[in-house]
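> Okay, structure incoming, though there's no sequence with it:
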């Protein structure tokens, strides 16, 4: 049996950059990290809303749980928080325009008018042409600086066998 080993963290090195320099360097580095493009939707007593997101990842398969990061300044934030449910729609290569609509300042009614949607068990909206959809209830929320980190328990999952994945890399859309 292996013994547990305690690792002592090294002290952080002082940086000469200003905080704005650090922020810019961070944003430029993050642009080099490819990420799947998703549209996250919600609907319920708090209203209908949706936003484009790349900060979505798997947490666990038991129970199936996703992590979604949502900026507290987002127009979708009040509805997501009030409804407590979301549907994560993993976009296919042909959904670039839809991603731009949900990622901008487009009014909510125009966002949803840009595609056909199906209602999910939670009342959120599923995009039938998505590569995968995860209908979720928000199980818990953690503070993440300017964002809330939503831990979303998956209620229903659907997948599509064909199509290319839409990813965002180096500040542009790519297909894989």
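Perfect, I can see it now. These numbers come from a predicted model, not from an experiment.
> Quick check: the gap between the residue nearest to residue 176 when sequence neighbours are not counted and residue 67.
Distances taken as Cβ to Cβ, 6 or more residues apart in numbering place residue 165 nearest to residue 176, at 5.1 Å, with adjacent residues excluded. The way it works is simple: take the backbone N, C-alpha and C, and place the C-beta from them, glycine included. Separation of residue 165 from residue 67 (Cβ to Cβ, to the nearest Å) stands at 19 Å.
> quick one on the thing from earlier: state the pLDDT value of the residue nearest to residue 176.
Residue 165 carries a pLDDT score of 97 in this model.
> do the one 4 residues further on as well
For residue 169, the model assigns a pLDDT of 96.
> Look up phi and psi at the spatially closest residue to it that is not a sequence neighbour.
Spatial nearest neighbour of residue 169, chain neighbours left out: residue 34 (4.1 Å); criterion: Cβ to Cβ, 6+ apart. Per-residue torsions, residue 34: phi -70, psi 140 (degrees, to the nearest 10).
> any idea how far residue 145 is from residue 34?
Taking Cβ to Cβ as the measure, residue 34 falls 23 Å from residue 145.
> And for residue 84?
In terms of Cβ to Cβ, residue 84 sits 22 Å off from residue 145.
> Which of these two has more residues huddled nearby?
When neighbours are counted by other Cβ atoms under 10 Å, residue 84 and residue 145 differ, and residue 84 comes out ahead with 18 against 9.
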